[in-house]
Each structure stands twice: as structure tokens, then as C-alpha cells.
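Undergrad: need coordinates for the below:
(one chain, ligands or ions: 1)
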Amino acid sequence: MKAKVGVLSAGGDCAGINSVIHWLVYSALDKDLVPVRGIMFKVIGIIDGWKGLMEVKPDKKASLNRWTMPLNKEIVRTWDRYGGTRLGTSRMNPFDPRDDKSDLILENCNKLGLDALVVIGGVNSLTVAYKLYKKGLKVVAIPKTIDKDLGGTDYTLGFDSAVNIITEDIDRLRITAGSHSRIFVVECMGRSAGWLALEGGEASGVDIILIPEHDFVIERVIELLSMRRKGGERYSIVLVSEGAKLRGMEPIYERRGRDGFGHYYLGGIGGFIAEEIQKNTNMEARYVALRHLQRGGTPTAYDRRMGRKFGVAAVDMIVGEDFGRMVSLTQGEITSTPLKKVLDKLHLVDVEKFYNTLNYQSLDQIV
Ligand code: F6P
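TA: Next comes the predicted model:
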């Protein structure tokens, strides 16, 4: 039997996606496995995520060249070493109520002759994948987001690389913070979940961690910093998730509209905190937003390995006709979870278990 598999990455990029694609292609095209599986696979990459499937005109050669890329071992040979996604990505929503393109996607998948589609995505992209699955598309999903907020898995690709970047950048900031006796407020990503701040903060040993799951009080932040200064510390570092908020307030958004899924762009809470410190104390404060630096760079060894395992598992799921599910890591094992369950609930920091709400610190439990 012959089978054509499409693969796309959608939503925010991150380190580890290219590793998935590399190993998915290597496993699917492994000649030794053809007699065992009874399937001869072809793999085709879709350019720029859902946008590619909306824009492609399958009967026009130029359009096919623009929006699809037949993949083989030679093409993807070195991809696993690089961050981002060689297939490109976008934040387009095919189920946008103002212009629903989901039927067009189904039609294009059909015309492209796709027997299955592997979607590498976060919460929004996998919601799209699940809706398309319910409309009949044979979907297998792979979790990726530096926020690590997807349910149904203990790991999402890109998280480890992002935590390493946060740690390295805070190491750098310590030097200048110490020279100038300043407070540095560092803002990391994390729209709904504080995992990046919590684990990045643990790794870099910051003095205050602020996460979206627990609303903070600015007076307490200032009190904690003042106590450190009185105790003789030259400098302090505060690490805050972009989605963290003051008690009783909304998160701080940028003024540049919303993305395709209706979300405002978060950003600015770190600046607000630095200003408050500067206004209310005699300590000098500076603000650094790490933003997309956290999503760039080379994947760590862990993200390369997880990308490999997720990519191979996706092919196994297609062979087993395990559609409508996401590859997942659960208690150290590679398994899979139904997309419905994945999307039921976000994976947030359990404040009681992991977070000290008095000192705004980690409780140092193993995550
Ligand atoms: O990858 C998820 C995420 O990192 C969120 O934490 C953040 O709000 C968002 O992406 C920013 O995405 P964009 O690339 O669209 O600016």
C-alpha cells in the first residue's frame, strides 16, 4: 500500500520542530520498514502552516512549488541541528468566523492526495487540527510550544531550549546588574502558564518569580526587594511571565491588535514593575523583555531528542491508524492522548505544589 503524509508546523515557532521533521521523514522513508509496515510512504511538507493549505492551488504547478515541498532524507538530512521551522509557520486560523476556510483545507488535502496530516502545533493550531479531524481529516498531532501549556503531555517541544536561553541571558544580566547595583526586571513569555518563569527562574536562581497563575501585589514585590537591599545585596533579579498580572487587574497588552485567534499580544508587565520600583524606592531599576529571543537559536540536546521521539511516534501512529490524537510524553513514556482531552484543559502551574505565594519563589518540587 502507498500512503502520502503531509506535515506542517503552525503557530509560534520554536527549537525542535526541524528535528521532528527530520526524524519523521527518516522513519517514514525507512526502506527496511516497508515490508514490516506494508506501507510505502511519501512525505510532503506544507509551507507556512495552515496558510499553505489555504493558499495552495493543487492543480497549478507554480502554486504547488510555492506552498508544498516533497521531503526526502537528503533534503532534511541536516535540519535537526537548526532552530525554528524550515517549513515556515503562520498564525492563520482556518476557522475564523469572519471567513471560514476549513472546507477549502479539506478539499485541498484531498486534491493533494494526503492520506494523513501531521500537525506540529500549540493550543490554537491543535484546536484547528481537532476541528478538522472531526470533519474527517486524518490528523496526528505533535506538541510544541515554549509555554509548555498544552494538556495531555508532560513536555512540549521548544521549552527546554527557551529555559536555557532565559538562564544564559540572566547570567549576562547579573554582571551589569551587579556593577551598577540595580534591580533588573526580566520579562519572559508565558501567556497563561508560568512554566518558563518558574523553571527559568529556578535554573538561573532569580530572586523573585511572578507567574500568571498567581496574581501578585506590587507592594510585596517592593518589600521583598527592599529587604534584600537592606540585607546587603547589591542587586536583585525579578523574572516575570508576560501573562502575570497585578491582583485585581488584567494582563498588560501591546497596542497592536489581535492575532488570528483573537488573542491580544501580551507585553509590558516587566516595564510596569520596573517603573513602580523606580518611583517608590531609591533603587534603580531596569527592564528587559526577552521576547522572541527565547524562541530562537539552536535546539538543545533535549529538544533534538524529544523532536526525534515525537517524529518517529507520529509515523507509528499513522501506521496504527491512531488518528485524532497527539503524541505525548507521560511519566517518562512516549504515548499518545486524544486531542479532545489535550484541549480540555491547559497545563498550568499548580500553585499549591510548586509556588511560594508569600515570597514569590519556587517551592523546589521536581516538575
Ligand atoms: O509561542 C507561544 C508564545 O510564545 C506566547 O507566549 C506569546 O504570547 C506568543 O507566542 C507570541 O507570539 P508571536 O510570535 O505571534 O508574537
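Undergrad: spell out which parts of the stretch 151-300 of the chain neighbour the ligand.
TA: 189-191, 242, 259, 265-266 (CB under 6 Å from any ligand atom). Every C-beta, even on glycine, is put in place using the N, C-alpha and C of the backbone.
Undergrad: I'd like these as JSON lines, with secondary structure and neighbour count appended.
TA: Below are those laid out as JSON lines (DSSP: H, G, I helix; E, B strand; the rest coil; neighbours: other CB atoms under 10 Å):
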{"residue": "M189", "secondary structure": "coil", "neighbour count": "27"}
{"residue": "G190", "secondary structure": "coil", "neighbour count": "28"}
{"residue": "R191", "secondary structure": "coil", "neighbour count": "20"}
{"residue": "E242", "secondary structure": "coil", "neighbour count": "26"}
{"residue": "D259", "secondary structure": "coil", "neighbour count": "15"}
{"residue": "Y265", "secondary structure": "strand", "neighbour count": "14"}
{"residue": "L266", "secondary structure": "strand", "neighbour count": "21"}
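Undergrad: tell me which of these is nearest to the ligand?
TA: M189 (3.5 Å; CB to the nearest ligand atom).
Undergrad: ok and the residue in this protein nearest the ligand?
TA: G12 (2.9 Å).
Undergrad: doesn't I120 make contact with that residue?
TA: No: the criterion here is CB atoms under 8 Å, and G12 misses it with I120 at 11.2 Å.
Undergrad: neighbour count winner among these two?
TA: Per other CB atoms under 10 Å, whichever of G12 and I120 has more neighbours is I120, with 34 against 23.
Undergrad: so what pLDDT did the more buried one get?
TA: We note a pLDDT of 98 for I120 in this prediction.
Undergrad: list the contacts for it?
TA: 7-10, 17, 20-21, 85, 141-142, 144, 157 (CB atoms under 8 Å, 6 or more residues apart in numbering).
Undergrad: and it, helix, strand or coil?
TA: strand (DSSP: H, G, I helix; E, B strand; the rest coil).
Undergrad: ok, what's across the strand from it?
TA: Under the criterion DSSP bridges, I120 forms beta bridges with S9, I142.
Undergrad: let's number from 839 now, not from 1
TA: Sure, I'll start counting at 839 from here, so that last one is I958.
Undergrad: now the residues of the stretch 989-1138 of the chain next to the ligand in TSV, with pLDDT and distance to W888?
TA: Shown next, in TSV, are those (pLDDT from 0 to 100; distance: CB to CB, whole Å):
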residue	pLDDT	distance to W888
M1027	98	22
G1028	97	24
R1029	96	20
E1080	97	24
D1097	86	13
Y1103	89	19
L1104	92	22
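Undergrad: what's the most distant pair in the residues you listed?
TA: Spanning the widest gap among those are G1028 and D1097, at 16.1 Å by CB to CB.
Undergrad: can you check the pLDDT for the residue of the chain closest to the ligand?
TA: Taking G850 on its own, its pLDDT is 96.
Undergrad: dihedrals phi and psi, it?
TA: phi -60, psi 140 (degrees, to the nearest 10).
Undergrad: one more: the one 3 residues further on?
TA: Dihedral pair for A853: phi -70, psi 140, per degrees, to the nearest 10.
Undergrad: neighbours of it, just the number please.
TA: Counted with other CB under 10 Å, A853 comes out at 31.
Undergrad: surely it touches G922?
TA: Yes: look at A853 against G922 with CB under 8 Å: they come within range, at 7.5 Å.
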